[in-house]
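Q: only the shape, not the letters, is given here:
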């Protein structure tokens, strides 16, 4: 893509502002070295904005648009189910974390279960930050910059890494918090502009719903769905949701920057309200692309297609700035989280307990430089994944989450958990989960062997929880363990103050009503839409093997999950509906999946082929797939 002078000016202005903020904060806090890793002075607005911006990485720009194009609103579950775990973060975890005045999550484990488990968790936490946060954001950001500008992916990854390494080294945690707030506003505003332009191109709500299959508006899909079955979502998301929102250092560290417990809890509920936006801002461009450009061979190009076809001059440069903002929030946050864990939990704790704040700041800055290059290597390794971008990132989370989620969850609610059980679960669980994860991502020995990655995460969590519970029942507490009551008492707990109280509970209640309304609304719209549709599948596999639709059967009812096999069977069903007076008032649409169809009568796509006046029957190729029609000659 060729950038105009205005595009280049916008990108240069953004990068200049970013570096300027880093240098300004570095100068402003030059005598406050302890603030480089973490300071506790932020309000609910800063906390919520920072968590939101950190969570919205480049995978949202590229991955959610691709997922929306391929699977529709089912992908929104990854965003709209998050509020329940943000509630747990604020209502259950925050009182422990804030009152204990911890800096890192391994520090919490050290207080509860001793140094051995905390040391292992520190190393595991460093590994997850490198791969899941910094490496994954560089991988997706590099891929998107490659699509936008045409430079090699590896060069784009290196460029992004260098930009945010220099910025984070200069400003530390304060720079990350300040820029996250601004970048959240930039991302929301820019994506809102893209969606408004796309909505006008589609023509309105009626035209959008008409051009998109009804199953694409369904949040909970049937259990036999090949993309996002409801059972995999319901069982698997709680595992990754609790780990991600309640225990991950990169996310929780923002909440730990609150000046008191009330601000921390209000920050989590503010984040939960913000999580309503991503499906509308980042997923809808994929659905708009499905309506406007239904013939894409690769869903990963949905976001770029919308950008190049519909954004006016100058807006491309703004969207590149948004890409930098999305990448920067995750990469810079990951770099800061890594340096915090390494400096406080490993270096200071093991090697220099009496180190000054100035010395720790220098160590942290050196750590950021070193880990940047390790993250570039992780990003290059992720290029070998056989899944699409969104599923690659989500599946990586699914394999990291089970052992940590089981330890924190049971450690918070069950007093019987022992340090010995925690150590066994960490060593065995991590080894099994990472081994299974690598095999699944590479589809080895074959794709058919593996269940859905979300269901696999639940099975791994069950395995880890069983180890933790079993070993806890046959072992005793050690002298290094600290019980619940003692873990959150003392001067630090008193300084944390009281929580959000009735205001917090009222806000959570309002949010719950809003979320229930969204689920009921979209699910009802999908069901109503599918009553006016017939689906036919002769069996389809995309060229890259990422989309596989099994062949239907003429004994099926012709629904999205149980389609007919032949076009002739669909025609017979329509004739039956007409004779019985069941043809919907606004007509019916027959969606043909990719594959080869034999029919004794010609099919006319996109126009009224049959039906009563005002009740047309339209035959359409399923978006993104290419059915092939072969007429069958009848012997004379």
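A: That came through, no problem. This one's a predicted model, so the numbers in the text were calculated from it and none came from an experiment.
Q: okay, buried residues for stretch 524-537 please.
A: Along stretch 524-537, these residues count as buried under the neighbour rule (16 or more other C-beta atoms under 10 Å): 526, 529-530, 533-537. Quick note: C-beta positions are derived from backbone N, CA and C, even for glycine.
Q: check the separation of the first and last residues in it.
A: One end of stretch 524-537 to the other measures 25 Å (C-alpha to C-alpha, to the nearest Å).
Q: need the contact partners of it.
A: The set of residues that contact stretch 524-537 without belonging to it, under C-beta atoms under 8 Å, 6 or more residues apart in numbering, is 73, 209, 213-219, 549-552, 558-560, 563-567, 569-570, 573-574, 584, 586-593, 595, 597, 622.
Q: give me the distance between that stretch and the centre of its chain.
A: Between the mean C-alpha location of stretch 524-537 and the chain-wide mean there is a distance of 28 Å, by C-alpha atoms, centre = their mean, to the nearest Å.
Q: which strand or helix spans the spatially closest residue to residue 235 that is not a sequence neighbour?
A: Spatial nearest neighbour of residue 235, chain neighbours left out: residue 458 (4.0 Å); criterion: C-beta to C-beta, 6 or more residues apart in numbering. The secondary structure element spanning residue 458 is helix 453-474 (assigned by DSSP states H and E).
Q: pull out the buried residues from that helix.
A: When burial is assessed from 16+ other C-beta under 10 Å, helix 453-474 yields the following buried residues: 453-458, 460-461, 463-465, 467-469, 471-472.
Q: average pLDDT across that helix?
A: Per-residue pLDDT values across helix 453-474 average out to 95.
Q: tell me how far it is from the chain's mean position?
A: How far helix 453-474 lies from its chain's middle: 23 Å, per C-alpha atoms, centre = their mean.
Q: ranges for the helices of the stretch 401-550 of the chain?
A: 419-441, 453-474, 484-487, 491-496, 501-530 (DSSP state H, counting those that start in this stretch).
Q: dump those helices to TSV, plus distance to residue 185.
A: What follows is those, written out as TSV (distance: least, C-beta to C-beta, whole Å):
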stretch	distance to residue 185
helix 419-441	35
helix 453-474	32
helix 484-487	37
helix 491-496	29
helix 501-530	21
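Q: nearest to residue 143 among those would be which one?
A: With distances scored as C-beta to C-beta, the stretch of the helices of the stretch 401-550 of the chain nearest to residue 143 is helix 419-441 (16.1 Å).
Q: who are the packing partners of that closest one?
A: helix 105-113, helix 115-128, helix 389-413, helix 453-474 (3 or more C-beta pairs under 8 Å, 6 or more residues apart in numbering; DSSP states H and E).
Q: got the buried residues for it?
A: Neighbour count says helix 419-441 has 419-426, 428-430, 432-434, 436-437, 440-441 buried, by 16+ other C-beta under 10 Å.
Q: shouldn't the residue nearest to residue 235 be in contact with residue 233?
A: No - counting by C-beta atoms under 8 Å, residue 458 sits too far from residue 233 to count as a contact (10.1 Å).
Q: okay, now the domains of the chain?
A: Following the assignment in automatic domain parsing, the chain carries domains at 38-525, 532-631.
Q: looking at those domains, which is nearest to residue 6?
A: Nearest of these to residue 6, taken as C-beta to C-beta: domain 38-525 at 4.2 Å.
Q: helix/strand/coil for residue 596?
A: On the three-state scheme (DSSP: H, G, I helix; E, B strand; the rest coil), residue 596 is labelled strand.
Q: got a list of what the residue nearest to it when sequence neighbours are not counted touches?
A: Spatial nearest neighbour of residue 596, excluding adjacent residues (C-beta to C-beta, 6+ apart): residue 628 at 4.6 Å. When contacts are counted by C-beta under 8 Å, 6+ apart, residue 628 is found next to 595-597.
Q: mind listing what's buried along whichever strand or helix holds residue 628?
A: Counting by DSSP H and E, the element that carries residue 628 is strand 627-631. Residues of strand 627-631 classed as buried: residue 627 (neighbour count, 16+ other C-beta under 10 Å).
Q: given that strand, what are its sheet partners and their directions?
A: With DSSP bridges as the criterion, the sheet partners recorded for strand 627-631 are strand 595-599 (parallel).
Q: residues in contact with the partner strand?
A: By C-beta under 8 Å, 6+ apart, the residues outside strand 595-599 that reach it are 536-540, 549, 551, 566-568, 571, 603, 627-632.
Q: got the buried residues for that strand?
A: Within strand 595-599, the residues that count as buried by 16+ other C-beta under 10 Å are 595, 597.
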